[in-house]
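> Below are the sequence and a predicted model; questions follow.
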Amino acid sequence: MILLLLILTTGVESYCECYQNYPTTGKTATVSNAFDANTFDSCYTLPCGFAANSGADTVGWNSVSISWVNIQDPTGNLTIYDGVDDTAPLIATVKPPRSPSSVAATFQSSTEVIYIKYTQTITSGNTYYGTVQASGSLPTTKTASPLIV
């Protein structure tokens, strides 16, 4: 009987998994909320981040489009850094709107690699999804200040 109870409860533990937490290559980087691996419900425990490489040393990143579906924590931030990790210069921050809607913005990276990171303060997960796009040539100078939308 005890063995059966152990078998039934094994694997039931829930944990929050980043949608993407490994480097990606291509002109589109997909972003989405973290999720409970057992129920696929939105959740949040730790920041999720990954590097995105456009795949061409002359093509930079320049737009983001996010659909915010369910906002549980208004402190959520999707931040984009101009380099391989979150120590690189910040180039864009996308914050959740007051009510569910889509947010789109343009920015310009100075390299073919950006780092995309999501953070928030409380553990009730926001539900969002979207893309970050790379197209066009890299600029010859960096953007002076980060974009915040």
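Okay, I see it.
> Could you pull out the strands in the chain for me?
Secondary structure of the chain by DSSP state E: the strands cover 16-17, 24-25, 28-32, 35-36, 48-53, 59-70, 77-81, 90-94, 101-106, 113-119, 127-137, 147-148.
> If we go by neighbour counts, what in the third one is buried?
In other words, strand 28-32. For strand 28-32, a neighbour-count test (16 or more other C-beta atoms under 10 Å) marks 29, 31, 32 as buried. All C-beta spots, glycine's among them, are computed from the backbone N, C-alpha and C.
> could you dump those residues to TSV with distance to residue 138 and pLDDT?
Shown next, in TSV, are those (distance: C-beta to C-beta, whole Å; pLDDT from 0 to 100):
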residue	distance to residue 138	pLDDT
29	16	97
31	22	96
32	27	96
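> Tell me the one of the residues you listed nearest residue 57?
Taking C-beta to C-beta as the measure, residue 29 is the one of the buried residues of strand 28-32 closest to residue 57, at 16.9 Å.
> Run through the bridge partners of that closest one.
residue 132 (DSSP bridges).
> Can you tell me how far it is from residue 75?
Applying C-beta to C-beta, to the nearest Å, the value for residue 29 to residue 75 is 23 Å.
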